[in-house]
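Colleague: mind folding the following:
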Amino acid sequence: MSSESTAVAARPAAAPSPTAVFVRLKLSLMRNGLRQSTGRTLAYVGSVLVGLLFAAGVVLGLTALRGNAHVGALAVLLTGLLTLGWAVMPLFFPASDETLDPTRLVMLPLRPRPLIVSLLVASLVGIGPFVTLALVTGAVIAVANGAVAAVVGVPAVALVVLVCVSLARAVATASVRLLTSRRGRDLAVLSGLFVAIGAQGVNIAAQRLGRPDGLSVLEPLGDVLRWVPPASAISAVEDAGNGAYGRAAAGLALAALALIALLWWWQRTLTALMTSPDSSTLQAVEKDSARRSGTGERGLARLLPDGRTGTVMLRTLRYAWRDPKSKMSWATSIGVGLLVPIVSSVQGNGSIYTAFSASALLGMQMYNQFGQDTSAFWMVASTIATRRDAYQELRARALALALVAVPYVTLVVVGSAALIGPWSDFVEVYGLSLAVLGALMATGALSSAVFPYSIPSEGNKNVAPGQGAIAWFSLFGGVLMGAVLCAPLLALTIWLHVADLHAMLWILLPVGAVYGALIAELGLRVAAPRVARRLPEILGAVSKG
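Modeller: Next up, the predicted model:
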């Protein structure tokens, strides 16, 4: 055997391209995911069809708007919203793509730069990048005017898609420790709230854009987004069609610089993530040791009363912050209560009385107080021996709710008066809001004792099977009873208006605050003996989940 043959035989076989391997891995993950169940397959196919229909509709709409004076502002706004969606997608839907977690690749002998190239190419496989490509292409078609603009549109489309995908990957890599933790899962639970808020924003925008010459309202925002990458690349296409080649070059350069910066940030965070140990356990031990070495309570616990009241208040607030179902309920109430006056103000037909939504939604957090404890309620039940113990337990939970609700209701009423007006109705609405809050806390305490139900810790259901009727009756019956309890104050308000005693409306604030506090106290005292008598029944009802 010659020396040349020996050298050829000794030469190792060329390693396969990591990019091709990652693309095949992405396709295998998608294929295997569809094989798990028929329901998942149908859901995926349905989402693909909806995405394609949506993209086709948007592209046709943008094509129909060619030549409109304000289509450029609409195109850059669409690109900005698309980029924002890619940025927040890993935060709210971390489990939607298994390849978003680079820690699965720690043991592989891969250098950061080729790994980034492979991950970036693999990220372009899927329905999301395809829909993005279609939407960006439609935006370019809408603003392109002439051959030069069409030529500029090719790199513009590529830059926008690459920036969106790189941004999603960089955000996912930088926040992977959070996304795989309990707080990350809680953040995913809250995604429904942000979707609801976004839907309201789309509804308002559609109403505004549906007016004659509605696209003109986008011009101020479009003038800003034209210089924000990657929307600057779409603006570059329009500038090239208008002969402003310098502005077009600047727009493309901004998008290219943004892509380079994202890739650099992605490489830095990926290198740090794959070369540093996961010290979350060590950090937890260090924090626990530091907490134990400290003297006395820290933070909010130092401000709460001593004894059972402070302990129960702290436990209730921690449930609201740590438990995913409780956090979702509180966040939804706070978000929607704040959103209703804002939406009414933007639509131009609002009233300061929409601020009642804040006190109503947060007041309903008092309902089913023991359901959030689930089977752990036995520990609470073991500490309740008398009516006084039950009263102190309910009062502490009500105080924890009031600690958040009263400042929040104040903020919403003040904001509603500032946005919608008039300020002359502020005192009246604020007093009635406090009365509504107190009435719902009273009926909520009684409902918690008489109609408890279980909240499953797993899944998306908030009521255990077989208890749906109890939950609905508890909620709606309590709300109706709360309205009845507020009837005297409502009668006083109506009488002052009918008798033209507007100068006396200021008394509704102190009267409403005192009435709300008294009615809440009465409700707690009525509910306490029932809680003390029905501890076994309550424990059985809240343990079914």
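Colleague: in this structure, which helix has the most residues?
Modeller: Determined from DSSP state H, the single longest helix within the chain is helix 387-419.
Colleague: tell me which other helices or strands that helix touches.
Modeller: The contact analysis (3 or more Cβ pairs under 8 Å, 6 or more residues apart in numbering; DSSP states H and E) places helix 387-419 against helix 307-322, helix 324-347, helix 356-363, helix 426-450, helix 508-533. C-beta coordinates here come from the backbone N, C-alpha and C atoms, glycine included.
Colleague: distance check, the nearest residue to residue 388 once chain neighbours are set aside against residue 396.
Modeller: Distance criterion Cβ to Cβ, 6 or more residues apart in numbering; nearest residue to residue 388, sequence neighbours excluded, is residue 528 at 7.8 Å. Going from residue 528 to residue 396 by Cβ to Cβ, to the nearest Å gives 12 Å.
Colleague: on that earlier part again, isn't the residue nearest to residue 388 up against residue 394?
Modeller: Yes - Residue 528 is in contact with residue 394 according to Cβ atoms under 8 Å; the separation is 5.9 Å.
Colleague: returning to what we had before: for residue 419, which of the helices and strands packed on helix 387-419 is the nearest?
Modeller: helix 324-347 (4.3 Å; Cβ to Cβ).
Colleague: domains for this structure, by residue range?
Modeller: Listed by automatic domain parsing, the domain ranges of the chain are 18-272, 301-542.
Colleague: can you give me the end-to-end span of the longest one?
Modeller: So that's domain 18-272. Domain 18-272 has an end-to-end distance of 21 Å (criterion: Cα to Cα, to the nearest Å).
Colleague: what is the rounded mean pLDDT of that domain?
Modeller: For domain 18-272, the mean pLDDT works out to 78.
Colleague: in JSON lines: the domains of the chain, plus mean neighbour count.
Modeller: Listed next are these as JSON lines, based on neighbours: other Cβ atoms under 10 Å:
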{"stretch": "domain 18-272", "mean neighbour count": "17"}
{"stretch": "domain 301-542", "mean neighbour count": "19"}
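Colleague: residues in contact with stretch 538-545?
Modeller: The list of residues contacting stretch 538-545 from outside it, by Cβ atoms under 8 Å, 6 or more residues apart in numbering, reads 370-371, 373-375, 377-378, 381, 449, 452-457, 464, 466-467, 470, 531.
Colleague: so residue 241 is in contact with residue 145, correct?
Modeller: Yes - between residue 241 and residue 145 there is a contact under Cβ under 8 Å: 3.2 Å.
Colleague: apart from its neighbours in sequence, what residue is nearest residue 247?
Modeller: residue 239 (4.1 Å).
Colleague: beyond the strand or helix carrying the one you found, next helix or strand please.
Modeller: Assigning secondary structure by DSSP states H and E places residue 239 in helix 231-241. Next in sequence after helix 231-241, counting helices and strands by DSSP H and E, comes helix 245-275.
Colleague: contact partners for the closest residue to residue 515 other than its chain neighbours?
Modeller: Sequence neighbours aside, residue 435 is the residue nearest to residue 515 in space, at 5.1 Å (criterion: Cβ to Cβ, 6+ apart). Residue 435 makes contacts with 486, 489, 512, 513, 515, 516, 519, as judged by Cβ under 8 Å, 6+ apart.
Colleague: distance from the chain centre to stretch 353-370, please.
Modeller: Relative to the centre of its chain, stretch 353-370 is centred 20 Å away, using Cα atoms, centre = their mean, to the nearest Å.
Colleague: quick one: residue 388 from residue 338, how far?
Modeller: With Cβ to Cβ as the criterion, residue 388 and residue 338 are 37 Å apart.
Colleague: how far off centre is the longest helix of the chain?
Modeller: Centroid displacement of helix 387-419 relative to its chain, using Cα atoms, centre = their mean, is 23 Å.
Colleague: avg pLDDT for that helix?
Modeller: For helix 387-419, the mean pLDDT works out to 90.
Colleague: same check on stretch 536-545?
Modeller: Stretch 536-545 carries an average pLDDT of 83.
Colleague: got the CA positions of it in CSV?
Modeller: The C-alpha trace of stretch 536-545 is given here as CSV (Å, rounded to 0.1, in the frame of the first residue of the first chain):
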residue,chain,number,x,y,z
PRO,A,536,-65.7,19.3,58.0
GLU,A,537,-68.1,20.2,55.2
ILE,A,538,-65.8,22.9,53.9
LEU,A,539,-62.7,20.6,54.1
GLY,A,540,-64.6,18.0,52.1
ALA,A,541,-65.7,20.5,49.5
VAL,A,542,-62.3,22.1,48.9
SER,A,543,-60.5,18.8,48.8
LYS,A,544,-62.2,17.4,45.7
GLY,A,545,-59.7,18.9,43.3
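Colleague: tell me how far it lies from the chain's centre.
Modeller: 31 Å.
Colleague: so how far is stretch 240-250 off the chain centroid?
Modeller: 39 Å.
Colleague: and that stretch, how far apart are its ends?
Modeller: Using Cα to Cα, the gap from the first to the last residue of stretch 240-250 comes to 11 Å.
Colleague: go on, stretch 449-469?
Modeller: End-to-end distance of stretch 449-469: 16 Å, with Cα to Cα as the criterion.
Colleague: start the count at 25 instead of 1 going forward.
Modeller: Shifting the count to begin at 25 puts that one at stretch 473-493.
Colleague: noted, bye for now.
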